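> One predicted model, sequence on top.
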2 protein chains.
Amino acid sequence: MEQEQQQVMSNKQIILKDYVVGFPKESDMLLKTSETINLKLPQGCSNGVLVKNLYLSCDPYMRMRMTKTEGSYVDSFTPGSPITGYGVAKVLESGHANFKKGDLIWGFTGWEEYSIINAPEGLFKIEHTDVPLSYYTGILGMPGMTAYIGFYDICAPKKGEYVFVSAASGAVGQLVGQFAKLSGCYVVGSAGTKEKVDLLKNKFGFDEAFNYKEEQDLDAALKRYFPEGIDIYFENVGGKMLDAVLLNMRLNGRISVCGMISQYNLEQREGVRNLLTLITKRVRMQGFIVSDHYHKYPKYLEMIIPLIKQGTINYIEDIVEGLENAPAALIGLFSGNNVGKQVVVVARE
Amino acid sequence: MEQEQQQVMSNKQIILKDYVVGFPKESDMLLKTSETINLKLPQGCSNGVLVKNLYLSCDPYMRMRMTKTEGSYVDSFTPGSPITGYGVAKVLESGHANFKKGDLIWGFTGWEEYSIINAPEGLFKIEHTDVPLSYYTGILGMPGMTAYIGFYDICAPKKGEYVFVSAASGAVGQLVGQFAKLSGCYVVGSAGTKEKVDLLKNKFGFDEAFNYKEEQDLDAALKRYFPEGIDIYFENVGGKMLDAVLLNMRLNGRISVCGMISQYNLEQREGVRNLLTLITKRVRMQGFIVSDHYHKYPKYLEMIIPLIKQGTINYIEDIVEGLENAPAALIGLFSGNNVGKQVVVVARE
């Protein structure tokens, strides 16, 4: 009897009401408690897994999915359906040979208490559980791999080079800065509050950091911090910052184009005027999508797990409790409310 | 007596009057017949060479040198002094071990009848004289190497890929298109007159070509010619064309940034809004300067000389007679007056 009671549950979900224009608002999303669901894989879902979601990841790229787009690297969300994104979850039932009940996984799941994942091949099984599970939404998940691939593979850093990171206290930026220090580079970060600037300098070991909101002239700010110019720019914001960086690139510089968070909410994107520098300074500017590189995840774990355990790498999360607070947390990314990686706790186990 | 008379000559020169703002005009330059010069290397110029200039090259990058710039890859011109640029010349007297009287060279020289080149290490000695000498301002000189490096090295073309070339009938573009066909690619070019479009299709073997001035919507034009998208863009123009191309790039596309002729005369450069595509399509955009790659010139000659002699590669020059017509020829580049490589004949031998 008890077992039967457990199988039928309600399922809280965060639904996208409709495609979003401009800056997203909490009211673009809706908390809905769905009809009771049967906690069993439905018939005909022989390869799927049923999971209980534990931690959800708020990531800037999700803004693009709130707009109807075609031919992008991720599908748009479906209005009327739960938002999807990276998360950490526990397998309750598995129809797939790679997973069994009780496994912990990270990967694409739904913004809801329970999800059925029909194509679990893309999920990663969590093997190391002696680190906080929430880290698999960040340093041990997609953002960690993004920093790793975007910095080491795309930028090919050399000792002594000058590195600039924008949105530097975010999930990706804080790691890029620390990877740059481990590589013997000089690294400066920008962020949007004094608190974040202090974190960059005192917690993450950036050589310098500045609050871009307090700079009238980004070009002048960069010239102050990089009198010799910038070898490597890890691009997270786009727009005016990119334009200022282009004016300060050194010969044979590299720009790893990871994100452009300043542009996602604009109906008309800002124009970048200084691209001629790509020629005069022989700059390589390269975009990438981390999921193309997931075959390197085991190699990354080999590097990063010891660094975490030794305390060589610091990592800061901004943790919000409760699925009902997920919309505000997601939207907060675009005004820079979060300090560190924004995580939503749905359940702790 | 006759020998002494020959040694003292006058020297016609094209002088830049002052730095140029906006679109350059003929009146920004001045034909000046300088005081007679002694046709001997001056004392103390023990490493220099004295040359008689034969062919001068008009190249778009020269516009940048008409403006006072700092930290660029080439120095600005000096107002009051002759314009300098690539050319073909004959050595009249040499103080340098690499050169002797009678040698033909190409490289940086002055826009004048006779030049003293103080650091001739950068000059290339012309070994193959069974091709038109003027070719060393184009297909066998800087523009040829630009097409070769920019297409093969920077774009890494693969058979069957879709290639777009802007300013396609120019010195560089006409070669890029033919290299693309030799590589088994599908290639489309844009140019600014019907005559040039016809040349692209009928003379240079482009699969398709269009007149960008007749297109209201460049994005729509590109979608018409590239329903599958663009793998490789050889960028010669910048601005609106680049923005339209970005919307049509395919996954893992490459953009070789060779020049941005549409932007050189603008006081405020146009903004490029579609850079987010670099991420979504994982595009690599890379600027280059051909002179970094001149060590590969012998290898290029080995490839290109037989192709010219066999008639496999076509090459069109727009030849203007007389140094006095050089300013108009140079300025004509920016309104697209030239059909093919713009050359100025100073003397034929």
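On my side now, so go ahead.
> Close to chain B: what parts of chain A are there?
For chain A, the residues found near chain B under the criterion Cβ under 8 Å from any Cβ of the partner chain are A:71-73, A:238, A:242, A:257-260, A:263, A:268-289, A:292. C-beta: built from backbone N, CA, C; applies to glycine.
> ok, 6 Å please
Within chain A, the residues that sit near chain B (Cβ under 6 Å from any Cβ of the partner chain) are A:72-73, A:257, A:260, A:269, A:271-273, A:275-276, A:278-280, A:282-289.
> Mind checking which of the residues you listed land in helices?
If you go by DSSP state H, these have A:Leu278, A:Ile279, A:Thr280 in helices.
> Can you give me the neighbour number for the closest residue to the first one other than its chain neighbours?
Taking Cβ to Cβ, 6 or more residues apart in numbering or on different chains, and ignoring the residues beside it in sequence, A:Leu278 has B:Gly287 as its nearest neighbour in space, at 3.4 Å. Neighbouring residues of B:Gly287 were enumerated by other Cβ atoms under 10 Å in any protein chain shown; the total is 28.
> Make sure A:Ala209 is actually in contact with A:Asp198.
No: assessed by Cβ atoms under 6 Å, A:Ala209 is found out of contact with A:Asp198, at 8.0 Å.
> Contact partners for A:Tyr212?
A:Tyr212 makes contacts with A:Ser190, as judged by Cβ atoms under 6 Å, 6 or more residues apart in numbering or on different chains.
> what's it sitting at in phi/psi?
Phi and psi for A:Tyr212, reported as degrees, to the nearest 10, are phi -60, psi -20.
> can you pull the contacts of A:Leu133?
A:Val88.
> cool, and A:Gly85?
Residues in contact with A:Gly85 (Cβ under 6 Å, 6+ apart) are A:Ser57, A:Met62.
> That one: what secondary structure?
State at A:Gly85, reduced to three classes by DSSP: H, G, I helix; E, B strand; the rest coil: strand.
> what do you get for A:Ala329?
Assigned state for A:Ala329: helix (three-state reduction, three-state DSSP).
> Which one's more surrounded, A:Ala209 and A:Asp198?
A:Ala209 (23 against 14).
> For the more buried one, what is the enclosing helix or strand?
Assigned by DSSP states H and E, A:Ala209 falls within strand A:208-211.
> What of A:Ala147?
helix A:142-148.
> Report the rounded mean pLDDT for that helix.
For helix A:142-148, the mean pLDDT works out to 98.
> quick one: contacts for the residue in the stretch 151-300 of chain A that chain B sits nearest to?
Nearest residue of the stretch 151-300 of chain A to chain B (Cβ to the nearest Cβ) works out as A:Gly271 at 1.3 Å. Contact analysis of A:Gly271 by Cβ under 6 Å, 6+ apart lists B:Gly271, B:Val272, B:Arg273.
> which residue packs closest to it, ignoring adjacent ones?
Leaving aside its sequence neighbours, A:Gly271 sits nearest to B:Gly271 (Cβ to Cβ, 6+ apart; 1.3 Å).
> just A:Leu123 next, same as before
Per Cβ to Cβ, 6+ apart, closest to A:Leu123 is A:Gly107, 3.8 Å.
> so the one you found bridges to which residues?
On the basis of DSSP bridges, A:Gly107 is bridged to A:Gly87.
> do you know how far A:Asn38 is from chain B?
Per Cβ to the nearest Cβ, to the nearest Å, A:Asn38 is found 38 Å from chain B.
> Share the number of residues neighbouring that residue, please.
With other Cβ under 10 Å as criterion, A:Asn38 counts 10.
> got it, and A:Asp318?
19.
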